[in-house]
Structures are given as structure tokens and as C-alpha cells.
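A.B. asks: My questions are about this predicted structure, shown below with the sequence.
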Amino acid sequence: MNSPNNQVYPVIWHNNAVSLIDQTRLPNEYTFVEIHRSEDMARAIKTMIVRGAPAIGIAAAYGMYLGAREIETDKRDQFLQQLETVATMLRSTRPTAVNLFWAISRATQVAYETLGTVEDIRKALLETAQALQLEDLQTCQAIGDHGLKVLPNKPEKLTLLTHCNAGALATGGYGTALGVVRSAWREGRLNRLFADETRPRLQGAKLTTWECVQEGIPVTLITDSMAAHCMKQGLIDAVVVGADRIAANGDAANKIGTYSLALVSKAHDVPFYVAAPLSTIDFDLADGGGIPIEEREATEICHVGDTILTPTSGLDFYNPAFDVTPAELITAIMTENGVFAPADLLKARKSVIS
Ligand code: MRU
């Protein structure tokens, strides 16, 4: 179910239901899961059928519409009250990506502000989810193009490194970090992309490489622990990663392993960029210390597929899904409104308001 230009869309409104690319099955199977109910959308987000901060937000916005469709009352007050329950359920799925909370707040606000009947509110919620999806696609294209302008001038063809998957699959369909890679490829400025495999769920190995292969972008897969060695050999010109939540001071939460990548980038004098939409910036949080870090099940560490890697008892596991990269390790933050030093993030917000 790709677009005519073969672009990948992780969330599609189709036949009165939401189709999600099942990201737990890629790259072996390219299949869709059809979602009709808000509860199933919440499960799909939690189990990572759909994942990546902006894509989670889009999916949740559709979840709000599906929930609105399930509410049987025609009385506005009762309807809005029950819609709050749907919002609470969707909010409880994943704690770190602020886009989830942002998208649900936006849908809730639309519901309260829509005058007219309950049916009018339902219609407005569907339109909101669709608008959000389209906006995200345009936002990512702008991030890619702004980001490209600040990448190192030399060499002419750059070798970039990314972590996790911040691509079409994680967004409305172009990608944030991978959007910058796409823009560089389109403009003839990319030599190749190095992708970290991204333990434990292997989003880099499974999803980033899959996206690159679809488009013929040259990609080299490495394990996470190889990044420092590659930098020491001078193989990497810049690092570009996505984010799940950025605090007002520029501290950025992203997939576990991003922080160590930022440290080794600093040690090797390799510029380290974070590419993210403004909806990923949580201006209410002064710094990254307040970002909630999701902890996931031990099975993600002790299994690879159906194979158990570890002793089955007598040991403990700790599986934080994200870490926070301090602002001082970030060269710049690439947004749809331009590229900002972490300390200047407030200017990014002002450029939206004015
Ligand atoms: O756990 P995931 O796969 O949802 O984590 C995704 C990431 O960490 C991405 O880098 C981030 O959400 C940015 S996606 C444009």
C-alpha cells in the first residue's frame, strides 16, 4: 500500500479504518494491520507495530477518532467526558515520546472547540488526524532541507551515521534524521549511511537498512559498539539522530545508545546533530532530568526472535528504552523552522509564534 511514488507511509487511513505497516515484522514481511478500534490502536502503539515519535502521535490522533466513533451518546458533555477516557488510555501506551501527548492534546482541544453536534466533533477529529499526518510529512521535508544546509561542507560526499530508525516508518513518511539523509542523497551530497543496529530491538538493522534498500541509498550496517572504532578510522563525517523528547535547554531523549554515540562523537570531533519537529520539543521541561524514560520487558534483551540468549534464571535485567543526551554534546538541532544551537531552542518556538 505504498503511494504512487513508492513512498512508505506507516499510518494510512483507508476504507474507514487505519492501516499500519506492521513494523514488528519488517524486513521479512511487509504487511499491514487494520485497526478499527481505539483499544487496538493503543495496543499497536504499546507493542510497537507503529513506533517512532511522530508516527506514534499520528496513530494516536487516529485513535482519538476511532474512540469518538465508539462513543454512543449524542449528548455533548457525556461525549467529551468519554473522549477523555479514550485520551487517557492512549496516553498510557508509551511515556517518552512527547509527540504522543502533543497529538492527543491537539485532538482533545479540537473536540472542545468544535461547535455543533457530536457528529460534527467526530468529523473534526478525523480531519485533525489527517491534517496532522500531512503536516508531519511537510515538516520532515523541511527538516531534511534545513538540515542539509548545515552539514559539513567537506568532503563533498558525506558519510553519515544514524542510530535507531528516524525514517519514513517513524513519521508521516519522510523521516527526521533519515529525512536529512534523504535530502543529502537527493542533492548528491551523500556517500553512504552507516546505520547502528540499535540493540535491543534492532530498529537500525531491521528498519533503517530496509528503508535505504528500498530507495537505493548506500548503507553499511554496524553493531552499536563499532561506532567509536569507525570514527577513529575517520570513516564518519557527521552523526544525525532523531529524538523522542527535547527539553527547553536542548537535552534530548532518544533511543538507548544515543548518549554513548554523542560521547564518542565528541571524543572524535565528529559533529552530532539531532533532527526533530517542534512537536518533539517539550518547552515545559527545563532540562532532560524530567524526561520520563520508558522501561521495557526483559525479553527484549534476553531473546533475539525466538532464541533465548541468556540463562533463564539467576540474573536480573534492566531495559531502559531511551537515554538523554546532554545539550552540550549536541552540535545543533535541526527543525522545520531552521537549525538552532541547543541553547537557542526558545528562538525556534518564537519563530512559530511570530
Ligand atoms: O522505541 P522507538 O522505536 O519508538 O524509538 C524511536 C526513536 O528513538 C526515534 O529515534 C525517535 O522516535 C525519532 S523518530 C523520527
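C.D. replies: All right, it came through fine.
A.B. asks: what about V264, neighbour count?
C.D. replies: Neighbours of V264 under the rule other Cβ atoms under 10 Å: 19. In this view, the C-beta of every residue, glycine as well, is placed from N, C-alpha and C.
A.B. asks: again, but for the one 3 residues further on
C.D. replies: As a burial measure, A267 scores 11 neighbours (other Cβ under 10 Å).
A.B. asks: A228 is in contact with that one, correct?
C.D. replies: Yes - the pair A267 / A228 is scored as a contact, 7.4 Å apart, by Cβ atoms under 8 Å.
A.B. asks: What pLDDT does the model give C164?
C.D. replies: On pLDDT, C164 comes in at 98.
A.B. asks: interface residues of the stretch 201-350 of the chain facing the ligand?
C.D. replies: With Cβ under 6 Å from any ligand atom as the criterion, the stretch 201-350 of the chain meets the ligand at residues Q203, G242, A243, D244, N254, K255, A321.
A.B. asks: And the next helix or strand past the helix or strand A42 falls within?
C.D. replies: Using DSSP states H and E, A42 sits within helix 38-46. Using DSSP H and E, the helix or strand that follows helix 38-46 in sequence is helix 53-70.
A.B. asks: tell me what that next one is packed against?
C.D. replies: Secondary-structure packing of helix 53-70 (3 or more Cβ pairs under 8 Å, 6 or more residues apart in numbering; DSSP states H and E): strand 11-14, strand 17-21, strand 32-35, helix 38-46, helix 76-91, helix 98-113, helix 118-150.
A.B. asks: separation between F317 and the ligand?
C.D. replies: Using Cβ to the nearest ligand atom, to the nearest Å, one obtains 17 Å as the distance from F317 to the ligand.
A.B. asks: ditto for A131
C.D. replies: Using Cβ to the nearest ligand atom, A131 is found at 19 Å from the ligand.
A.B. asks: do L193 as well
C.D. replies: Taking Cβ to the nearest ligand atom, one finds L193 at 14 Å from the ligand.
A.B. asks: how about the residue lying closest to that residue once chain neighbours are set aside, what does it touch?
C.D. replies: Ranked by Cβ to Cβ, 6 or more residues apart in numbering and with sequence neighbours excluded, the top spatial neighbour of L193 is V219, at 4.9 Å. Taking Cβ atoms under 8 Å, 6 or more residues apart in numbering, we find V219 in contact with R192, L193, F194, A195, T208, T209, C212, V213.
A.B. asks: quick one: buried residues of the strand or helix carrying the first one?
C.D. replies: Using DSSP H and E, R192 sits within strand 190-196. Within strand 190-196, the residues that count as buried by 16 or more other Cβ atoms under 10 Å are L190, R192, L193, F194, A195, D196.
A.B. asks: what angle do it and helix 118-150 make?
C.D. replies: Calculated by axes from the mean of the first three to the mean of the last three Cα atoms, to 10 degrees, strand 190-196 forms an angle of 120 degrees with helix 118-150.
A.B. asks: Within its sheet, name the partner strands of strand 190-196 and how each one runs.
C.D. replies: With DSSP bridges as the test, strand 190-196 is paired with strand 158-162 (parallel), strand 219-222 (parallel).
A.B. asks: what's the next secondary structure element after it?
C.D. replies: helix 203.
A.B. asks: avg pLDDT for that following helix?
C.D. replies: Averaging pLDDT along helix 203 yields 98.
A.B. asks: That one: how far from the chain's middle?
C.D. replies: Computed by Cα atoms, centre = their mean, to the nearest Å, the chain-centroid distance of helix 203 equals 11 Å.
A.B. asks: can you give me the helices for the stretch 201-350 of the chain?
C.D. replies: Assigned by DSSP state H, counting those that start in this stretch, the helices in the stretch 201-350 of the chain fall at 203, 209-215, 227-232, 258-267, 299-302, 345-353.
A.B. asks: Pull the distance from the third one to the chain's centre.
C.D. replies: Using Cα atoms, centre = their mean, we find the averaged C-alpha position of helix 227-232 to lie 25 Å away from the chain's own average C-alpha position.
A.B. asks: what do you get for the fifth one?
C.D. replies: Distance of helix 299-302 from its chain centroid, counting by Cα atoms, centre = their mean, is 22 Å.
A.B. asks: same question, the longest one
C.D. replies: When distances are taken as Cα atoms, centre = their mean, helix 258-267 is centred 20 Å away from the chain's centroid.
A.B. asks: In that helix, which residues are buried?
C.D. replies: Within helix 258-267, the residues that qualify as buried are T258, Y259, S260, L261, A262, V264, S265, counting by 16+ other Cβ under 10 Å.
A.B. asks: who's in contact with the spatially closest residue to the fifth one that is not a sequence neighbour?
C.D. replies: Closest residue to A262 in three dimensions, ignoring its sequence neighbours and counting by Cβ to Cβ, 6+ apart: L329, at 3.9 Å. Residues counted as contacts of L329 (Cβ under 8 Å, 6+ apart) are Y259, A262, L263, S265, K266, F272.
A.B. asks: can you pull the pLDDT of L329?
C.D. replies: Note on L329: pLDDT of 98.
A.B. asks: Would you quantify the distance from it to the ligand?
C.D. replies: Per Cβ to the nearest ligand atom, L329 is found 16 Å from the ligand.
A.B. asks: likewise Q130?
C.D. replies: 19 Å.
A.B. asks: my guess is that residue meets W13, correct?
C.D. replies: Yes - judged on Cβ under 8 Å, Q130 makes contact with W13 at a distance of 6.3 Å.
A.B. asks: Can you get me a residue count around M64?
C.D. replies: Residues near M64, counting by other Cβ under 10 Å, number 27.
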